[in-house]
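# coords below, sequence missing:
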């Protein structure tokens, strides 16, 4: 669905990461989640809350000073302060450069992922990439490094998650159009789940890919130029295309569900805030 010339290896050194970082920071600032949104009881030295005692609570857990001021007993809970590793893979293949409205699928996926990383970093989590190039760490320098990593572009047609650097028992966010080899995707996600990694699959699509507005004679060409198909009646392809797209979405969603992951779909003509909120709460639930 594109007549642009093939991408080349120079895209690997894309330099638009400062803009990506600025947009992600603005998106993250639109939220008021911060560290509070991920607080929960657990090992730590920082007081979190009192809660009514329940059957099974150890006697030593009772806060007798607080309990003396009421007719029931209370347990003092501290905040869980163990940092979680959250690792990202954003498909940077040529297919993800497609855009019918100015913003590519990769740019939108990377912006959402980077905004999520900013929020997680503020909450004390360690963030990095799943390919091992950027091991999970905290700090502003790590956010800048992640922005540069997510802005890189590649010349191959379709992508599959890279999991060489995944940390066992971590959280993962994989974002793509998932139009590539489904077997490769299934293999990577299954291997990640085998390392006790929990995660989210985010399918990012362009509105043209959702609505197929083509009619008459149309030349369909992959972004890298390796796939071409000319149709004299593009209208006749609409229904088969919708059926194939529906099946692909179901296959990716079922893969996620079968491994205890979550699946979301996002269109680049929709506000990025919705997808960011979905991902943030999905990771909150998975911790």
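Perfect, thanks for sending it. Since we're looking at a predicted model, the values are computed, not measured.
# can you give me the helices in the protein?
17-29, 64-67, 105-122, 140-151, 182-194, 207-211, 238-258, 272-286 (DSSP state H).
# For residue 185, see how far away the closest residue to residue 242 other than its chain neighbours is.
Among residues not flanking residue 242 along the chain, residue 212 sits closest, at 6.8 Å (Cβ to Cβ, 6 or more residues apart in numbering). Quick note: C-beta positions are derived from backbone N, CA and C, even for glycine. Remark: distance between residue 212 and residue 185 (Cβ to Cβ, to the nearest Å) = 23 Å.
# And for residue 29?
Distance of residue 29 to residue 185, given as Cβ to Cβ: 33 Å.
# How about residue 223?
In terms of Cβ to Cβ, residue 223 sits 19 Å off from residue 185.
# quick one, what contacts residue 105?
Shown in contact with residue 105 (Cβ atoms under 8 Å, 6 or more residues apart in numbering): 95-99, 177, 204-206, 268.
# and which of the residues you listed is nearest residue 150?
residue 96 (11.2 Å; Cβ to Cβ).
# Can you get me a residue count around the residue nearest to residue 242?
Neighbour count for residue 212, taken as other Cβ atoms under 10 Å: 17.
# So for it, what's the pLDDT?
Predicted confidence (pLDDT) for residue 212: 87.
# Find the nearest non-adjacent residue to residue 53, please.
Residue 53 sits nearest to residue 73 (Cβ to Cβ, 6+ apart), 4.1 Å away.
# That neighbour against residue 67, yeah?
Yes - using Cβ atoms under 8 Å, residue 73 is in contact with residue 67, at 4.4 Å.
# so what sits against both of the two?
residue 53.
# In contact with residue 234, which residues?
With contacts defined as Cβ under 8 Å, 6+ apart, residue 234 is in contact with 214-218.
# Distance check, it against residue 155.
Distance, residue 234 to residue 155, by Cβ to Cβ: 27 Å.
# With residue 267 instead?
Distance, residue 267 to residue 155, using Cβ to Cβ: 25 Å.
# again, but for residue 170
29 Å.
# ok now the longest strand along the chain, how far from the chain's centre?
Ranked by residue count, the top strand of the chain under DSSP state E comes out as strand 198-205. Centroid separation between strand 198-205 and its chain, computed with Cα atoms, centre = their mean, to the nearest Å, is 5 Å.
# Many thanks, we can stop here.
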